[in-house]
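[1] Fold the following.
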Amino acid sequence: MRTKMIAGNLLAVLVVGLVSYFVVSSQLQATLLGEVDASISEDHAMFDQTWRLWGLELAEQAVAQAAEDDTRDIFTALDEADTRSRAYSRATEIHDWFGRHNRSTRGSAELVVIVNDDGRVIARSQDRNRMHGEDLTEQLSGLEGVLANGGSTLDVWEFSSGQEKILQAAIAAIVDPENGRPMGAIVVGYDLSNGMASRAAQLLGRDIAFVHGDVVYSSSLEGDAVDQLRGVLFGEQSATTTAALGDGGATSEPWLAQVGDVQYVGVTGAISYSPSAHVGYVVLGNRTAQADKASVANTILIMTAIGCAIVIVFCFLLAGSFLKPVEEMEEGVLAVINGRTDLRLDIESAELGGLAYRINQLLNVFTGTPEADDDGRISSPPGAWPQGPSGLTEVPAAARVPQEAPRADSGVVDDDQLAAELSAEPEDAYYDRLFSEYVAAKEAAGENVSNVTKDKFVMRLQANEKSLIKKHDCRMVRFQVQVAGTQVNLRPVIIR
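    Presented below is the predicted three-dimensional model:
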């Protein structure tokens, strides 16, 4: 029985817990993946806008630096050496200024170059002589227009100086305040580095990669993931990558790819403001990390395990509270069957105590044992002893209780004078007298009392005395024989 109770309840908890886990986990995972798949196109548009804003901000800053008097003073020098010296100093100052003001968004500038009105380098930051005289109009297609018309523009610069780099470049004209014509220009370049990709990734909450030629130039990814991403972009997604890097820079539809242990949804597009170089970018949404958020459903498994443990403990305790009394009743009834007819069940159980009491009554009927009712009155079970002719023994007046005798508790006698008379009687004499009166009364009622023994009668009487003493909180209880027609009872008298 214990095993069945535990197994049944345990099965119920497991079924409810596991079904809840799989339903919640699958629905939650589907919802989370749907969110990242649906938002990747919006994230791509967000990056494009961010890139444009960064470019416009960079162009405004370049224009502001080009309009400074210190910048214009470069072209008022008396000779070429002085011009180069002033250009180098000013380029270095501008480089430092950009590093201070854009550290949190783009980091430090890669270089600042000052060119004359025909696009040749006068000087650059960090190196006085490097690039001097180099024509940048061939590298930056927008430079020629700035030198001709003034204003500013944005471009992507394939800068090669020992190591090829891809720079986000802002070009601003240095205008002569007297005639309004450009005297030269400043070019500010920021490397599309891993740092820039990581800053954009933090801003968007998505991974970013810059692509140029047939390589992943930089990205927010780390380690082998970069090479694996390159294999995806120039392998299964080569068509979308080629389209983004070609003329017109087509933006792809969202695509799925496995990069190592991580599954991504991505969109490939072309960098805005890049007439001089074809550079693409990739926005990647981490589907694996998004799906991992559904692990919150594991709480259901934990609670299910806790519920199973509680069920096991509770069922052990509950089964014990039921099975122990049942086992005691089974053993007691078996003992009676085996000859211990004086044994009665003493079960302290709110659930099974009533059943034990009824079993005791049934045993009294089968064994012909006198029993006490709820009021403490002792009588023979109906039909326990067959009736037979016999004479009537006179019951002493002191021991008889008329029907009008005082009652303290619905049949229990609480009379001080009677209690005093009975308590004064020695115990052995009291039991001898009461047994004789009881047997005589039963015989007078026509019942056969041949199987009623004094020892059994006294044992049962003493058991009822103890119960009534505890119930009425008195010092002693003694009984009287009461005859009502053919019914013979023993009524208790409380002695305080």
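[2] Could you check how far Phe98 is from Gln168?
    12 Å (CB to CB, to the nearest Å). C-betas here are computed from N, CA, C, even on glycine.
[3] tell me, how many neighbours does Asp69 end up with?
    Counted with other CB atoms under 10 Å, the neighbours of Asp69 add up to 8.
[4] no, scratch that, I was asking about Gly446
    Counted with other CB under 10 Å, residues neighbouring Gly446 total 13.
[5] for the one 3 residues further on, same thing?
    By other CB under 10 Å, 19 other residues sit near Val449.
[6] Confirm that Ile174 sits in a helix.
    No: read with DSSP: H, G, I helix; E, B strand; the rest coil, Ile174 is strand and lies in no helix.
[7] In this model Thr71 seems to touch it, though I could be wrong.
    Yes: counting by CB atoms under 8 Å, Ile174 does reach Thr71; the two are 5.6 Å apart.
[8] who touches both of those two?
    114, 186 (CB atoms under 8 Å, 6 or more residues apart in numbering).
[9] Spatially central residue for this protein, please.
    Per CA atoms, centre = their mean, the C-alpha nearest to the average position across the chain is that of Thr299, at 3.5 Å.
[10] So which bits of whichever strand or helix holds it are buried?
    Per DSSP states H and E: Thr299 is located in helix 298-337. For helix 298-337, a neighbour-count test (16 or more other CB atoms under 10 Å) marks 300, 304, 307-308, 311, 315, 319, 325, 328-329, 332, 336 as buried.
[11] Over to stretch 5-25?
    For stretch 5-25, the neighbour count (16+ other CB under 10 Å) marks 5-6, 9-10, 13, 17, 21, 25 as buried.
[12] before we move on, the earlier item: just checking, which of the buried residues of helix 298-337 comes out lowest on pLDDT?
    Lowest pLDDT among the buried residues of helix 298-337: Ala319, with 72.
[13] Does that residue touch Ala7 like I think?
    No: in this structure Ala319 lies outside contact range of Ala7 using CB under 8 Å: 11.4 Å.
[14] This protein: helices as residue ranges?
    Counting by DSSP state H, one finds helices in the chain at the ranges 2-66, 69-72, 80-101, 143-149, 194-204, 224-233, 238-245, 287-292, 298-337, 353-367, 416-424, 427-444, 454-472.
[15] Break the protein down into its domains, please.
    Listed by automatic domain parsing, the domain ranges of the chain are 67-191, 374-496.
[16] If you average pLDDT per helix and strand, which one of this protein comes out bottom?
    None of the helices or strands of the chain scores lower by mean pLDDT, DSSP states H and E than strand 378-379, at a mean of 55.
[17] that older thread, in CSV: the helices of the chain, plus distance to Leu343.
    What follows is these, written out as CSV (distance: least, CB to CB, whole Å):
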stretch, distance to Leu343
helix 2-66, 26
helix 69-72, 116
helix 80-101, 100
helix 143-149, 115
helix 194-204, 84
helix 224-233, 82
helix 238-245, 92
helix 287-292, 67
helix 298-337, 5
helix 353-367, 8
helix 416-424, 30
helix 427-444, 21
helix 454-472, 11
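[18] mind checking which of those helices is nearest Arg496?
    helix 416-424 (7.1 Å; CB to CB).
[19] What's the separation between Arg130 and Val113?
    10 Å.
[20] More neighbours: these two, which one.
    Between Arg130 and Val113, counting by other CB under 10 Å, Val113 is the more crowded of the two (26 against 14).
[21] Pull up the per-residue confidence for that one.
    On the pLDDT scale, Val113 gets 96.
[22] Could you tell me which residues make contact with it?
    Per CB under 8 Å, 6+ apart, neighbours of Val113: 91, 121, 123-125, 131, 136, 186-187, 189.
[23] intersection of neighbour lists for Arg130 and Val113?
    Here Arg130 and Val113 have Arg124 as joint contacts, going by CB under 8 Å, 6+ apart.
[24] got any ranges where the stretch 1-150 of the chain has weak pLDDT?
    Where the stretch 1-150 of the chain drops to pLDDT under 70, the residues are 1-2, 103-104.
[25] Please repeat the previous calculation with a cut-off of 80.
    Scanning the stretch 1-150 of the chain for pLDDT under 80 picks out 1-6, 102-107.
[26] tell me the phi and psi of Cys474?
    When read as degrees, to the nearest 10, the backbone of Cys474 gives phi -120, psi 170.
[27] What separation do you get for it and Gln462?
    Distance from Cys474 to Gln462, by CB to CB: 15 Å.
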